[in-house]
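Enquirer: predicted model follows, preceded by the sequence.
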Amino acid sequence: MSQHKVVLLLGSNLGDQKKNLETALEKLKDAGNEIISISEFLTSDPVEFESSNIFCNIAAIILTKLSPIQLLNRIKGIEKEMGRINDSAVTEGYTDRIIDIDIVKFNGIKFISKRLEIPHQKNLFEREFSRILLKDFI
């Protein structure tokens, strides 16, 4: 089974944000993924919703044997395990969250389904914080 190179963005704006990001990375590793690179932490204002809680964000490159949908399912499981209640795909809007993990790129493929779009267009082209984090990763 081959390894796939995946670029992720992680963010948190509730609780101990840096610890939340570190915990999410550990859970990704525990699920059999290899973390090969992590960016510096970057703080940013919420995007596309109002909140007084600032985000802490990082980018990571992982190697995985999972398919895009399998990885998405694992990520959603991690978010739920960590206490994320509202998923923006379900609520059709953004809210404060303990953890958010986005698949930005996956082996350079294009993949579009109801639940997942790769590459993640908003993170690549529209969001300033993600462009800063991803500049050395893509």
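Expert: Done, it's in.

Enquirer: now the element after the lowest-mean-pLDDT helix or strand in the chain, going C-ward?
Expert: Sorted by mean pLDDT, DSSP states H and E, the helices and strands of the chain end with helix 88-91, the least confident at a mean of 53. Reading on from helix 88-91 to the C-terminus, the next helix or strand found by DSSP states H and E is strand 100-106.

Enquirer: that next one: partners in the sheet, and parallel or antiparallel?
Expert: Partner strands for strand 100-106, per DSSP bridges, with pairing direction: strand 4-12 (antiparallel).

Enquirer: most centrally placed residue in the chain?
Expert: Centrality entry for the chain: nearest residue to the mean C-alpha point is Ile101, 2.3 Å, by CA atoms, centre = their mean.

Enquirer: and the nearest residue to that residue once chain neighbours are set aside, which helix or strand is it part of?
Expert: If you skip the residues right next to it in sequence, Ile101 has Ile75 as its closest partner in space, 4.6 Å away by CB to CB, 6 or more residues apart in numbering. C-beta: built from backbone N, CA, C; applies to glycine. Here Ile75 sits within helix 68-81, counting by DSSP H and E.

Enquirer: by how many degrees do that helix and strand 4-12 diverge?
Expert: With axes from the mean of the first three to the mean of the last three CA atoms, to 10 degrees as the criterion, the two stretches helix 68-81 and strand 4-12 enclose an angle of 30 degrees.

Enquirer: pLDDT averaged over helix 68-81, what's the number?
Expert: Regarding helix 68-81, the rounded mean pLDDT is 95.

Enquirer: what's in contact with it?
Expert: Here helix 68-81 makes contact (CB atoms under 8 Å, 6 or more residues apart in numbering) with 6, 8, 24, 27-28, 31, 33, 64, 66, 87, 97, 99-101, 103, 106, 109, 111, 113, 115-116, 118.

Enquirer: export that helix as CSV, just CAs?
Expert: Once side chains and other backbone atoms are set aside, the C-alpha atoms of helix 68-81 remain, and they are given as CSV (Å, rounded to 0.1, in the frame of the first residue of the first chain):
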residue,chain,number,x,y,z
PRO,A,68,-9.1,10.9,0.9
ILE,A,69,-12.5,9.8,2.3
GLN,A,70,-10.9,7.4,4.9
LEU,A,71,-8.6,10.3,6.1
LEU,A,72,-11.6,12.7,6.2
ASN,A,73,-13.5,10.1,8.3
ARG,A,74,-10.6,9.8,10.7
ILE,A,75,-10.2,13.5,10.9
LYS,A,76,-13.9,14.0,11.7
GLY,A,77,-13.6,11.2,14.4
ILE,A,78,-10.6,13.1,16.0
GLU,A,79,-12.6,16.4,16.0
LYS,A,80,-15.5,14.6,17.6
GLU,A,81,-13.3,12.8,20.2
